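Student: Kindly return the folded structure for what I paste below:
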Amino acid sequence: MDFRIADTFTDSLARLTGEEQKAVKTAAFDLQLNPTQPGLQVHRVEQAKDRSFWSARVNLDLRLILHRTERSLLLCYVNHHDEAYAWARRRKLETHPQTGAAQLVELRETVQEIAVPVYVEVETPAPKPAARPKRLLFAQTPEGELLACGVPEEWLAEVRQADEDSLLGLAEHLPAEAAEALLELATGGKPKAATVAAPGSDPFAHPDAQRRFRVMRNVEELERALDYPWDRWTVFLHPAQTQLVEREYKGPARVAGSAGTGKTIVALHRAATLARKHPEARILLTTFSETLASALRGKLARLLGNEPRLGERVEVHSMGAVAQRLYRAHFGGAKPQVATAEQVGEGLRKAAAGVPAHKFTARFLLTEWREVVDAWQLASWEGYRDVQRLGRKTRLPEAQRALLWEIFAAVRADLSGQGLVTEAGLFTLLAEKVGATARSPFDFAVVDEAQDVSIAQLRLLAALGRNRADALFFAGDLGQRIFQQPFSWKALGVDVRGRSTTLKINYRTSHQIRAQADRLLGATVADVDGITEERKGTTSVFNGPAPRLEVFESKGAEVAGVGAWLRERVEKEKLAPHEVAVFVRSEAELERARAAVEAAGLKAKGLDARVEVTVGQAAFGTMHLAKGLEFRAVAVMACDDEVIPAETRLEAAADDSDLEEVYNTERHLLYVACTRARDFLMVSGVKPVSEFVEDLAGKKG
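Tutor: Numbers count the residues shown, from 1 in each chain. Prediction:
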């Protein structure tokens, strides 16, 4: 007998208290070991339309809902007694007549109210012109096409009556593949052709069924699924994600997508899949910062909790840590002497003083050094003279470049004389060393948050991959690029053209939050190599309240307002303190964030480089630390004029005409912060407010 769990079970388990979850896990293990366990008091659910629904007693109040046949036992749901039985009476498990996928279908008659218009009689002094009827989105769609989308037969009539206002509500009652396809159709897209199972095949083996039902082959697999019920990604993957994870690529590949579409999940599963396929291989899972690497390490441990030997072959490090390890390996255990920002700044100051004819500011010199000379490791006047200064809008005649090169050449000589190398220089040196070895130190490298990988880091990755099949896999979103200037990957030997895919289904953020945050970015984002990421057509799989945008008269009023909103979320929505967070642009605004958390009556936990969330405490931190995190409710505050975009960055840009790039990365930063929210979002500022808040509100063209 196959023992399966459904995503509806893990979702319901996550909503129980810690003690309740422990009791449910014990009952689930007992069922897996002995489905006829007498202590569980298994009974058929009375009045259920599906006669295969049974209940199992967890304790005096909690009940497991099972779907039991001769061939399988499926854990479907868990809740308190009345709620559990009501859930079972409203559903049935069936095989879709066209696709052949197993579906848990909500009975139409239990939710008829979503398709029934509500009429309210209101006395008015004079009749008003009748409102134009809403356009029915699928009235003319052939029945066969709707069925091919996975719509259950008994929901066809309701789907035909759906308009723009009712579609999202209706989608919540449909199987995921049907909801996604209808949302795609409604926004002018064309859903991917559905997989149709062969006659007589196992309905649970269908790709769409795999996203919600999984066989638990042993106690260890079940334990992993139940230990982190809110992390559905450890067990259930969307078919599009599964395809990317398992596909074989002839060269470097990249998966893109807006925030919440599961890019990191694909990267984690990709690393695990490569380890399973290649038992002798060494696999690197990396990202640009130690903060994110630490988060990846924890997630990989959850994913491979019952496969510890597999985990031993997947090394998780930041790019900086990778460089340190490789340097020691290639230079006899020595530690590289990397120049600090202060040492570079002092070198620029001294070198500039030696070239009195120049008219450039210290800010310009630093950014030109960091983003052009050091980034591309330019070692000669000819190299600097001819380089394409992507992202640097200031036009420099050759005479001015010559003056600048005097300064930069002096800085290079000064650092070399001290035995120092810049971080970019370290990666470039390692790229040359690794490229000259007979075998790469890693067979495969999977890179998360790839949009913020630097030029020199990509050089090293290219040397690791050597254009071998499957060797390099990148996951990232150009709309979240906040640390790096744009540059050509192809010029560095990493060509992902033809092997770049964009994910379109948002799992983390509600439709309302996603739609509002998307106003900060364009409909398409393109890289330097011409690869375009279409943001249009992305759909969220769940609904939520509209984000709240507030403009306050004073900082004190904002602290009180945000505090009241946080307190209401905790009390009204029953959120745990660690499920809420406050983000601000920089450290200068952190005290406002802390004060808002304390005004809500919550304990405040300041995020640091480890970005560890503490149970029972609300998190607060800068927007740069928001990467990789997720909360039920997020307040993004202190969005004042001159705070975001940061005034210091605007002043620097005024000198080198780099204003567009500053605005882009500042928008991306706010986008990252807003999309950390799953269900509830508040964005606030003090008059005069940032122009970005007006963009969020849709007040600007």
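Student: Tell me where the stretch 601-701 of the chain has strands.
Tutor: 604-606, 618-622, 631-636, 677-686 (DSSP state E, counting those that start in this stretch).
Student: Extract the C-alpha trace of the third one and format it as PDB.
Tutor: By that I understand strand 631-636. Extracted in PDB, the C-alpha atoms of strand 631-636 (Å, rounded to 0.1, in the frame of the first residue of the first chain):
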ATOM      1  CA  PHE A 631       7.300  37.000   6.800                       C
ATOM      2  CA  ARG A 632       3.500  37.000   7.000                       C
ATOM      3  CA  ALA A 633       3.400  40.700   7.600                       C
ATOM      4  CA  VAL A 634       6.000  43.400   6.700                       C
ATOM      5  CA  ALA A 635       6.200  47.100   7.300                       C
ATOM      6  CA  VAL A 636       8.500  49.100   5.100                       C
END
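Student: got any ranges where the stretch 1-150 of the chain has weak pLDDT?
Tutor: Applying pLDDT under 70 to the stretch 1-150 of the chain flags residues 109-133.
Student: The same query, at a cut-off of 80, please.
Tutor: Residue ranges of the stretch 1-150 of the chain with pLDDT under 80: 36-40, 109-134.
Student: And for the stretch 401-550 of the chain?
Tutor: Residues of the stretch 401-550 of the chain meeting the criterion pLDDT under 80: 479, 482-486, 522-537, 539, 541.
Student: do that again at 50, thanks
Tutor: Under the criterion pLDDT under 50, no range of the stretch 401-550 of the chain is flagged.
Student: now the helices for it?
Tutor: 423-436, 455-465, 511-517 (DSSP state H, counting those that start in this stretch).
Student: Check which helices and strands the second one sits against.
Tutor: Judged by 3 or more C-beta pairs under 8 Å, 6 or more residues apart in numbering; DSSP states H and E, helix 455-465 is in contact with helix 319-330, helix 423-436, strand 444-448, strand 472-475. All C-beta spots, glycine's among them, are computed from the backbone N, C-alpha and C.
Student: Dump the ones you listed into CSV; add mean neighbour count and distance to L146 as well.
Tutor: Below are those laid out as CSV (neighbours: other C-beta atoms under 10 Å; distance: least, C-beta to C-beta, whole Å):
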stretch, mean neighbour count, distance to L146
helix 319-330, 18, 47
helix 423-436, 20, 53
strand 444-448, 26, 37
strand 472-475, 27, 33
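Student: CSV for the ones you listed, including distance to L62?
Tutor: Formatted as CSV, the helices and strands packed on helix 455-465 follow (distance: least, C-beta to C-beta, whole Å):
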stretch, distance to L62
helix 319-330, 45
helix 423-436, 54
strand 444-448, 38
strand 472-475, 39
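Student: So which of those is nearest G311?
Tutor: Set against G311 and scored by C-beta to C-beta, these come closest in strand 444-448, at 13.9 Å.
Student: partners of the closest one in the sheet?
Tutor: Strand 444-448 sits in its sheet next to strand 283-287 (parallel), strand 472-475 (parallel), going by DSSP bridges.
Student: Direction-wise, compare that strand with helix 319-330 and give the angle.
Tutor: 150 degrees (axes from the mean of the first three to the mean of the last three C-alpha atoms, to 10 degrees).
Student: send the alpha carbons of strand 444-448 over as PDB?
Tutor: Extracted in PDB, the C-alpha atoms of strand 444-448 (Å, rounded to 0.1, in the frame of the first residue of the first chain):
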ATOM      1  CA  PHE A 444      29.100  21.300 -10.800                       C
ATOM      2  CA  ALA A 445      28.300  24.800  -9.400                       C
ATOM      3  CA  VAL A 446      24.800  26.100  -8.600                       C
ATOM      4  CA  VAL A 447      24.600  29.900  -8.000                       C
ATOM      5  CA  ASP A 448      21.800  31.600  -6.200                       C
END
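Student: Between the helices and strands packed on helix 455-465, which one is closest to P308.
Tutor: Here strand 444-448 is closest among the helices and strands packed on helix 455-465 (C-beta to C-beta), at 19.2 Å.
Student: Show me the contact partners of the closest one.
Tutor: 263-264, 267, 270-271, 274, 278, 281-287, 292, 296, 453, 461, 464-465, 470-476 (C-beta atoms under 8 Å, 6 or more residues apart in numbering).
Student: Please find the angle between the direction vectors of that strand and helix 455-465.
Tutor: Going by the same axes, to 10 degrees, strand 444-448 makes 150 degrees with helix 455-465.
Student: Show me how far strand 444-448 is from its chain's centre.
Tutor: Relative to the chain's own centre, strand 444-448 is displaced by 16 Å; criterion: C-alpha atoms, centre = their mean, to the nearest Å.
Student: cool, and stretch 143-154?
Tutor: On C-alpha atoms, centre = their mean, the centre of stretch 143-154 falls 30 Å from the chain's centre.
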